[in-house]
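1. Next come a sequence and a model predicted from it.
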Amino acid sequence: MLRIAVVVTTAFLIVFGLFFEKDPSFMDLQKQGPDSLTYFFDNPIPNQNLSDPYISSLYRPGDILYQALTEYQNHRLDLAIPKLQNLSEEGNVDAMYWYAEHLMKVSVKSRYAGYNWFEKSAKLGNPYSALKLDINSGDCQSYFPTLCNKEWGKLAIESFKIRANQGDIRAKYYLERPTSFVRGDDFKKWVSLVEESAKKNYFIPAMDLLQRFENDKSLTLNQKEDLKHIYNFLAKHNYVPAYNALYVQSNYETVFDEAIKLGSSPQLSHLAQDCVAIFNDLERSEKKECLARAYVLEEVYNDDTNFDFISPLGDSTLNSEAKNRAEAIINSMKLTIYIDELHIDHY
């Protein structure tokens with residue numbers, strides 16, 4: 001009888017386990033690796049970069065914020081801020097966010113002017129400005145803690161809903177993305193948002209999730225190759241952060257010319273630093289190219305550090321030729337915007 005009871009109990013536990021098997025957790029699904037993002041494997045990587053250089057850019061030439069945000073992203077605040085101020089004063093609620101962001105951080109004296117612009121923008125329907133003033137906002141707690149209020153967070157949600165209902169994929173992503181990383185359903189929801197966004201060439205959701213894989217020290221070699229596969233897919237869609245990720249994966253050895261044309265300052269800086277280090281040993285034509293890169297970095301990215309090591313003043317003809325070459329490089333560039341309100345420091 002005892003043996004029969006044990007057998008019955010064991011059978012019951014097996015059946016019970018089949019019916020009540022534990023659902024996989026967020027981490028269980030994440031550990032399956034990047035190939036869980038099936039969209040990037042079901043669709044082939046283009047052989048060449050897509051013909052539209054701005055296909056994954058937040059804005060493109062002709063958009064009212066394109067020039068100002070390109071300059072903001074590239075640290076040309078001397079050019080960007082006057083444009084953003086003018087647009088803000090003209091009532092552009094999206095420009096107000098960026099102008100407020102600058103005022104908040106640039107000086108103690110201007111931070112509350114930044115608050116006022118965030119407040120005005122939020123009341124006019126900008127969810128990012130409302131989110132900035134929420135009680136859970138790190139920036140709000142750092143810059144104007146006595147003014148943070150949870151009501152702004154509620155307003156942000158309502159504003160995101162309005163924009164999402166109008167077809168704004170960014171708003172939908174920020175409205176629906178998981179805020180906890182426990183349940184398997186949260187992972188599945190994130191994957192769904194990544195793939196829906198990718199179909200519209202909006203790749204910040206993909207980069208957000210890929211960062212979690214990047215930080216996983218237990219990735220297998222095959223999973224690392226899958227990660228590289230997705231970065232290659234995004235790069236062929238002219239997405240600079242993916243190019244920068246491939247550059248890092250190569251131990252900072254592989255520089256992509258296409259990335260430089262699209263606006264990768266780290267990769268252009270890499271080329272400039274390499275030649276600056278041996279400048280005196282270069283042929284004249286190589287010196288011209290090296291100087292030109294330094295001038296491009298200064299003009300486009302407000303980076304003049306290379307001139308700490310080389311002086312362009314010794315040979316006026318060479319200097320003039322290098323400036324002309326720099327102008328040609330700048331004219332060939334198709335600078336894309338890959339920051340947004342919640343990824344100001346990008347990747």
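-> Noted; the coordinates are in hand.

2. Helix or strand: which one has Leu193?
-> helix 184-198 (DSSP states H and E).

3. what do you get for Pro44?
-> Here Pro44 is assigned to no helix or strand, by DSSP H and E.

4. so how many other residues sit close to Asp63?
-> With neighbours defined by other C-beta atoms under 10 Å, the count for Asp63 comes to 14. For every residue, glycine as well, the C-beta is placed using N, CA and C.

5. How is Ile310 assigned, secondary-structure-wise?
-> coil (DSSP: H, G, I helix; E, B strand; the rest coil).

6. so what's the backbone phi/psi at it?
-> Ile310 adopts backbone torsions of phi -130, psi 150, taken as degrees, to the nearest 10.

7. residues contacting it?
-> Val276, Phe279, Cys290, Leu291, Ala294 (C-beta atoms under 8 Å, 6 or more residues apart in numbering).

8. From Gln30, how far out is Gln223?
-> 11 Å (C-beta to C-beta, to the nearest Å).

9. Overlap of the contact sets of these two?
-> Counting by C-beta under 8 Å, 6+ apart, the common neighbours of Gln223 and Gln30 are Phe213.

10. which of these two has more neighbours?
-> Of the pair Gln223 and Gln30, Gln30 is the one with more neighbours under other C-beta under 10 Å, namely 20 against 17.

11. Tell me where the stretch 51-200 of the chain has helices.
-> 66-73, 77-89, 93-106, 111-123, 127-132, 138-143, 150-165, 169-176, 184-198 (DSSP state H, counting those that start in this stretch).

12. Which of the ones you listed sits closest to Asn302?
-> helix 77-89 (7.7 Å; C-beta to C-beta).

13. ok, and what's touching the helix holding Leu193?
-> Taking C-beta under 8 Å, 6+ apart as the rule, helix 184-198 contacts 23-26, 28-30, 36-40, 169, 172-173, 176-178, 180-181, 203-206, 209.

14. tell me the angle of that helix relative to helix 169-176?
-> Interaxial angle, helix 184-198 versus helix 169-176 (axes from the mean of the first three to the mean of the last three C-alpha atoms, to 10 degrees): 170 degrees.

15. as a whole number, average confidence for helix 184-198?
-> The pLDDT scores in helix 184-198 average 97.

16. immediately after it, which helix or strand?
-> helix 204-214.

17. Check which residues of that next one are buried.
-> Ile204, Pro205, Ala206, Met207, Asp208, Leu209, Leu210, Phe213, Glu214 (16 or more other C-beta atoms under 10 Å).

18. from the helices of the stretch 51-200 of the chain, which stretch is densest packed?
-> helix 127-132 (a mean of 27; mean count of other C-beta atoms under 10 Å).

19. For that helix, which outside residues touch it?
-> With C-beta under 8 Å, 6+ apart, helix 127-132 has contacts from 93, 96-97, 100-101, 117-119, 121-122, 137, 139-140, 152-153, 155-157, 159-160, 163, 171, 174, 341-342.

20. In contact with the closest residue to Asp345 other than its chain neighbours, which residues?
-> In space, and not counting its chain neighbours, Asp345 is closest to Ile339: 7.7 Å by C-beta to C-beta, 6 or more residues apart in numbering. Neighbour list for Ile339: Leu58, Leu69, Tyr72, Gln73, Asp345, His346 [criterion: C-beta under 8 Å, 6+ apart].

21. For the residue nearest to Gly33 when sequence neighbours are not counted, which three-state class applies?
-> Once flanking residues are discounted, Gly33 sits nearest to Gln223: 3.9 Å by C-beta to C-beta, 6+ apart. Secondary structure assignment for Gln223 (three-state DSSP): helix.

22. Low-confidence ranges, the stretch 51-200 of the chain, go.
-> Along the stretch 51-200 of the chain, segments meeting pLDDT under 70 are nowhere present.
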